[in-house]
Structures are given as structure tokens and as C-alpha cells.
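>>> Starting from these lines, generate the structure:
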Amino acid sequence: LHGPFLYLYVLYSLRDQKHLSKLDYLHFLPAALIYLYMIPFYFGYSAEEKVMVDKGLIDDYGTFSELLVILFLVSGISYVLVTYRKLRRYDHIIDENFSSHHNIKLNWLRFAILSFFGLFVSAAIIISLERTMNLQFPFDPDLIFYSFIVIFVVYIGYSGIRQQNLFSGGKIEKSELVEIKSETEYKNSGLKSEVAAAKHKELLDLMETEKPYLTPKLALSDLSKKLDISSNHLSQIINQYEGSNFHDFVNTYRVNEFIERSKNEPNVKFLALALDSGFNSKSSFNNVFKKIKNTTPSQYIENLK
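Now for the predicted structure:
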């Protein structure tokens, strides 16, 4: 069940709905079938017989147990890989639609997924060594393995409660989200080159005059409404004319705004200037600045003197 729940959590972070679809329940079918098969063991065996089965003294579930270990490892590793791929799509959607990652980025989940992957791979190696080479470890691998799983479940539960969904608070509708497309898809988008050039100029004028990037939670849909153009077409214009996604495009303006303010207000603290420039946290400001300028804010400003 660990793999399916992990996968569905990421999947529903990309969906504007709260309830599982009928097809989603199929992810739980293997676990349900296993428990159905084990009903005679759970309710028909005495406590002593269960201990004997567990120690291999009764071989009623021997082959099944071997198969179950393999399915457990295959499920864990497969779901981790598929979930990580979904998480990369989630990251691309965020960069393409939001200027700020605050409370919607899933970096903590990336750490959890990679940790899960390492845990399942380690378990697979240990079990293989035990079964094929009859190695005996001076510790109980099962105890360590399941203890770490419990820790990760608690970690994911705690972090998931604090995590905001993309659609929380009515900030954006599912239909307004766009994803970066290929050149072929852009050619078939229906956006004429002369219209794209005109809207690109409007966009640059808007960024210079109204400075919408000073709004910390600026989204692609906000700018598309101001320019009277679809979010998909605006994303296409930014990608083709600016060579970047929406997140980097907006934050480049914020970084430049910070630099100008630091020149005019040298005695004001960096954090205050960053917040006035449209950033919503110290960590996001430092990360974005280093990504765009390849150096820290303090080093950059020092070199300007």
C-alpha cells in the first residue's frame, strides 16, 4: 500500500478533485487479493501455528511468502519510479504557471521518494544476499527496514498536512493550468506570428510600466487576463521569445528590481528589499538570485561597489 498511496498523493496534487476515481481503486487490488488469500491464516490458525508458519516449520505459505517478498519489492521500486516521473511533471507545471513556489513546491516529497527508493533497493540487495548466499547479518534487517518505513510514513503525513494543493484557496482553476509544449505543438497552436509579436511587446511594456511582478503570488493566468490572451498562448510567447518558463521570466524582473533598489537604498537590509521586489521569503529569494546571477546577493552587490 505504500507505493499506491505515494503515487496517488502526487497524482491528486495535479488534479482539481478530492475523491478517488473508480480506476484509482485498482491500485489497491493486489493488496486486497493478498489479504483475501490470507484469511484462513488470520482466522483459522492458532497463535502457536502462526508462529510455526512464520519460522518456516509449517510450509503452508512457503511459496506464497517468497512470491509476496518479490511483489513487495517490485511494487515499492516501480511505484517510486513512476511517482518521481509524476513529480517532475508537477515541477514543470509549477514553473510554467506560478512565479513563486512558496507552499506548493514538493521538494520534501522528492527527498521522501528518493529515500523510499534507496530503502527498497537496499532491502532487495539484503534479501538477495540472504537467499542466494545464505549470509547472516549481525542485525535484524526487517526491524530496521520497517522502522524506517514508519518514520517515512510519519514524515510524509506531517509534511502532507502542511502542503498546499495547486488549487487550494481558489487561486487557479484546473482549466487554466498549462504545460510546456514542443515546437510541433506550438506550430499547431493557432497563434499567428504577428499576433504573438504584438502580444510579446505588450507583455514587456506591461512588465515595465505596471510592474505586476511585485505581486508575490503572481500567476500566469493573472498576466494572461491583463493581456486578454489565453494562458497557453502567453506561455508559448514567453517560451519562444524569452527562452524561459514563466517562473524564471518573472523572477528575472524581481532580481533586477532588487539590484536597482539596493543601489538606491544601500542602507536597507537585503530581506526588506527582496520582499519589496516581489519575493515572498528569504529562501526563495536566495535560490532564485543564485540561479539567475550565478552568485549570492551579497557577493553580487559587493562587486558592484
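>>> Excluding chain neighbours, what is closest to Asp276?
Arg261 (6.4 Å; Cβ to Cβ, 6 or more residues apart in numbering). Bear in mind the C-beta positions are built from the backbone N, C-alpha and C, glycine included.
>>> which SSE is that neighbour in?
Assigned by DSSP states H and E, Arg261 belongs to helix 246-264.
>>> Could you name the helices and strands sitting against that helix?
Contacting helix 246-264 under the criterion 3 or more Cβ pairs under 8 Å, 6 or more residues apart in numbering; DSSP states H and E are the following elements: helix 62-97, helix 270-276, helix 282-293, helix 297-304.
>>> got the angle for it vs helix 297-304?
Regarding helix 246-264 and helix 297-304, their directions subtend 50 degrees when assessed with axes from the mean of the first three to the mean of the last three Cα atoms, to 10 degrees.
>>> For helix 246-264, buried residues please.
Residues of helix 246-264 classed as buried: 246-255, 257-259, 261-262 (neighbour count, 16 or more other Cβ atoms under 10 Å).
>>> Give me the secondary structure label for Ser244.
For Ser244, the secondary-structure state derived from DSSP: H, G, I helix; E, B strand; the rest coil is coil.
>>> separation between it and Lys291?
Distance from Ser244 to Lys291, counting by Cβ to Cβ, to the nearest Å: 11 Å.
>>> Which one of the helices and strands packed on helix 246-264 lies nearest to Ile229?
Comparing these by their distance to Ile229 (Cβ to Cβ), the top pick is helix 62-97, with 14.7 Å.
>>> Check which element follows the closest one along the chain.
helix 107-133.
>>> Downstream of that next one, the next helix or strand is which one?
Beyond helix 107-133 in the direction of the C-terminus, DSSP H and E gives the next helix or strand as helix 141-162.
>>> just the angle between that following helix and helix 107-133, please?
Using the same axes, to 10 degrees, the interaxial angle of helix 141-162 with respect to helix 107-133 works out to 170 degrees.
>>> which other residues reach helix 141-162?
Outside helix 141-162, the residues that touch it by Cβ atoms under 8 Å, 6 or more residues apart in numbering are 2, 6, 9, 108-109, 112, 115-116, 119, 122-123, 126-127, 130.
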